[in-house]
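**Q** Sequence first, then the predicted structure:
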Amino acid sequence: MEKLIITTSHKPSKEQLQRAKQLAEQYGLIYKNRRHLKTNNIYFVVEKNLTVKVKKDDFEFFFHPSIVKIRMKNYVSDKKDYLLNNLALNGNETVLDLTFGLGSEALLIASQLDNGKLIGLEGSFPIYFVVKESIKYYPYKIKWLKEASKKIEIINDNYKRFIRKQKDNSYDIIYCDPMFENPVFESSALNPLRRFAVYDELEPSDIEEMKRVAKNKVIIKAHVKDSIWDKYKFDKIDGSKNSGVFYGVIYLK
């Protein structure tokens, strides 16, 4: 497999150059001076603020908190958020997010974990690398987002493989948000991610593994028109008819 390239934006600072070279060594990438960059493949760019994005021609994908700020504002206002309400966190849980993606919902969850933590799995290396190496460098203007980012650990692994290696009752809650069978293309935040996303289909044995590894509950997110609602049994199905996004909850206690 061809090694991927990492470079900097134009006219880089000393810190950008150091970070690009350090990440190249850490991840087995090839560092290229931006002035000499020539590739038809995707490549990573260390930005002025030291976050990382992936680029190819005119396409680029980078980390940002997406609509999580609006969701938190609404939750503070009326205590209504389908995900947070169904998680019903005490604040000391360990939550395993099997499909981390852009991580916006992970930030929302982590913000409620005063003494707990969130472990996120991401199977796609470009998404993992961009988000992991940006989430703690992003110039947050809101304190709770910055504090939430410190409670998140991200691992590059396929969730199907990862959960089968875990011991029984290893995590308090397992959350899984696989790519929808019926994608919501109006979600502009997710569209750049689709090119790199992992499209593994959820299987019955995956659900059984999640129930074995979780202590309290398993929550699956899907579109109202997706087939999982007919395939699997949930104790509770809850969501917004307007957005079509629903959460299926399996209680284990």
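**A** Great, that's in hand.
**Q** Which stretches in this structure count as strands?
**A** Assigned by DSSP state E, the strands in the chain fall at 5-8, 30-31, 43-46, 52-56, 59-62, 94-97, 117-121, 152-155, 171-176, 214-223, 236-239, 245-251.
**Q** What helices and strands are in contact with the second one?
**A** This means strand 30-31. When contacts are defined as 3 or more CB pairs under 8 Å, 6 or more residues apart in numbering; DSSP states H and E, strand 30-31 packs onto strand 5-8, helix 14-27. Every residue, glycine included, has its C-beta placed from N, CA and C.
**Q** Buried residues of the lowest-mean-pLDDT helix or strand in the chain, list them for me.
**A** Every helix and strand of the chain was ranked by mean pLDDT, DSSP states H and E. The lowest is strand 59-62, at a mean of 90. By neighbour count on 16 or more other CB atoms under 10 Å, the buried set for strand 59-62 is F61, F62.
**Q** on that earlier part again, any chance of the helices and strands packed on strand 30-31 in JSON lines, with mean neighbour count and distance to M179 too?
**A** Below are those laid out as JSON lines (neighbours: other CB atoms under 10 Å; distance: least, CB to CB, whole Å):
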{"stretch": "strand 5-8", "mean neighbour count": "23", "distance to M179": "26"}
{"stretch": "helix 14-27", "mean neighbour count": "15", "distance to M179": "25"}
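**Q** Compile the ones you listed into JSON lines and extend it with columns for mean pLDDT.
**A** Putting the helices and strands packed on strand 30-31 into JSON lines (pLDDT from 0 to 100) gives the following:
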{"stretch": "strand 5-8", "mean pLDDT": "97"}
{"stretch": "helix 14-27", "mean pLDDT": "98"}
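**Q** any chance of these in TSV, with distance to I155 too?
**A** Formatted as TSV, the helices and strands packed on strand 30-31 follow (distance: least, CB to CB, whole Å):
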stretch	distance to I155
strand 5-8	20
helix 14-27	14
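**Q** These: which one's closest to D206?
**A** D206 lies closest to helix 14-27 among the helices and strands packed on strand 30-31, at 28.1 Å (CB to CB).
**Q** which secondary structure elements does that closest one contact?
**A** strand 5-8, strand 30-31, strand 43-46.
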